[in-house]
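**Q** Here is my input, please return the structure:
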Amino acid sequence: AKTQRLLSDEKNRLDGILSSIGDGLFVIDRHLIITLANKTAENTFTLPPGGAVGRSISDVAPLLKDGMSITEDLSPITRVFKERETIHVTLEDTMAYRVPGGGAMPITITLTPLAEGKRAGDAAIGAIIVFRDATSAKKIQEEIGARADELEQLNSFMIGRELKMVELKKEVQALKEKAK
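**A** Model (predicted):
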């Protein structure tokens, strides 16, 4: 009875930790089947509580690169099992999840392998996938890019104007010299 209570307490503690994480979290096994998902992940993909468990990660959270479905050999999920190292996917990697309704949600991801043992080279038996909706960050990045383009155009205009002023001053000086 005491062991059962301790297990229940530990499960409740883990559930509390997972539900408090603002980023989406999936845990998958070596067959890419989801064994755990937090509330943020379930809400992102409009799944009921526990609705992701037992399903393939690629069915629940299809990955896109540059708006196109990603092949398994290019997937960071496949890489984390091959390389057995933590992999970070940033905005510059232009990856997104296809979300219900057909839209694409820009994301950043951290994938961490779960090893069988603690020795280097031990086989990965699963992975932890932590993702963040990067829609706001992507919009800000695009706005900064647009502002940089505007500033570049303004700079070119101002430099051109300054060069024209230098030419006009030279012409005025030449005319003054002629008039003497």
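
**Q** beta partners of the spatially most central residue of the chain?
**A** Residue closest to the average C-alpha location in the chain (CA atoms, centre = their mean): Thr108, at 1.5 Å. On the basis of DSSP bridges, Thr108 is bridged to Arg132.

**Q** Kindly report the same for the one 5 residues further on.
**A** Pro113 has the following beta-bridge partners by DSSP bridges: Ala127.

**Q** ok, it touching Ala124?
**A** Yes. Counting by CB atoms under 8 Å, Ala124 is a contact partner of Pro113 at 4.0 Å. C-beta: built from backbone N, CA, C; applies to glycine.

**Q** Need the overlap of contacts for those two.
**A** Listed contacts common to Pro113 and Ala124 are 80-81, 84; contacts here mean CB atoms under 8 Å, 6 or more residues apart in numbering.

**Q** Ranking by neighbours, what's the top pick from those?
**A** Using other CB atoms under 10 Å as the neighbour criterion, Val80 leads the shared contacts of Pro113 and Ala124 with 24 neighbours.

**Q** Am I right that that residue is in a helix?
**A** Yes. Secondary structure of Val80 (DSSP: H, G, I helix; E, B strand; the rest coil): part of a helix.

**Q** returning to what we had before: who's more crowded, Pro113 and Ala124?
**A** A count of neighbours by other CB under 10 Å puts Pro113 above the other of Pro113 and Ala124, at 21 against 18.

**Q** one step back: residues contacting the residue nearest to the centre of the chain?
**A** Taking CB under 8 Å, 6+ apart as the contact definition, Thr108 lies against 88-91, 131-132, 134, 137.
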